[in-house]
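1. only geometry, no sequence info:
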């Protein structure tokens, strides 16, 4: 199946710094990628939909100035957590749709665990 | 609006026994249903999907799921559980709003006891 690579897997940063997480589709082009946040023992919460060449669509309650999303190419989307604080510590996961379109499954990255000290 | 419910937070089963992880759904259009598995500190892995056709869908690692329209259910099953099946399982339904994202259930933690 299609492969989505997410980097870094783990990141620890100091409060007030910014962290960038990359999501790459390795063997297919993804016009749409999704970013999720997952709290311990909870389901995935969709944060935003990333569209290549246009602005991301954020879910209600997600601060777009806090979580900057860029989808500069058909194989790369980035999530930047700006001025991170301890409450931003979480597991962030990206996904991309396979070539089958709306009937296709989503392929997920391995996730990035962010810890803000 | 679309939604899925996974009524059990935790399912325990002995190794070698059959397992069932339950999922019910509510959709306003055609029900495109999916099952994913998540291992600790990992992303989600696709197991199987129902789009149309046979109600019994076979997927990865010996898993299968039965689509039941009258009961609006899509339970995940496996005839003989393995310890390595222990993980977090998510049922999902295609969200027909926006960019057709998937809407996930709250997850069921499966523990297979040796």
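-> Alright, I've got the coordinates. Please read these numbers as outputs of a predicted model, since none were measured by experiment. Numbering: from 1, shown residues only, chains lettered A, B, ... in the order given.
2. and chain B, which of its residues are near chain A?
-> Residues of chain B lying near chain A by C-beta under 8 Å from any C-beta of the partner chain: B:32, B:34, B:36, B:41-46, B:49, B:51, B:90, B:94, B:98-102, B:104-107. C-beta: built from backbone N, CA, C; applies to glycine.
3. Next step: these restricted to strands.
-> B:34, B:36, B:44-46, B:49, B:90, B:94, B:102, B:104 (DSSP state E).
4. And the furthest pair within these?
-> The distance between the two most remote of these (C-beta to C-beta) is 18.1 Å, for B:45 and B:94.
5. Same drill for these two, tell me which one is more crowded.
-> Looking at residue B:45 and residue B:94 with other C-beta atoms under 10 Å in any protein chain shown, you find the greater number of neighbours at residue B:94, namely 23 against 18.
6. so what's that one closest to, chain neighbours aside?
-> residue B:32 (3.7 Å; C-beta to C-beta, 6 or more residues apart in numbering or on different chains).
7. so residue A:73 touches residue A:52, yeah?
-> Yes. Residue A:73 lies in contact with residue A:52 (C-beta atoms under 8 Å); the separation is 6.7 Å.
8. Settle it for me: which of those two has more neighbours?
-> residue A:52 (16 against 13).
9. Surely the more buried one is in contact with residue A:74?
-> Yes. With contact defined as C-beta under 8 Å, residue A:52 reaches residue A:74; the gap is 5.3 Å.
10. Find residues that contact each of these two.
-> A:30-31 (C-beta atoms under 8 Å, 6 or more residues apart in numbering or on different chains).
11. hang on, the earlier thing: okay, the ones in strands among the residues of chain B next to chain A in TSV with distance to residue B:114 and pLDDT next?
-> Below are these laid out as TSV (distance: C-beta to C-beta, whole Å; pLDDT from 0 to 100):
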residue	distance to residue B:114	pLDDT
B:34	29	92
B:36	25	94
B:44	25	88
B:45	23	91
B:46	27	89
B:49	31	91
B:90	24	95
B:94	37	83
B:102	33	83
B:104	29	89
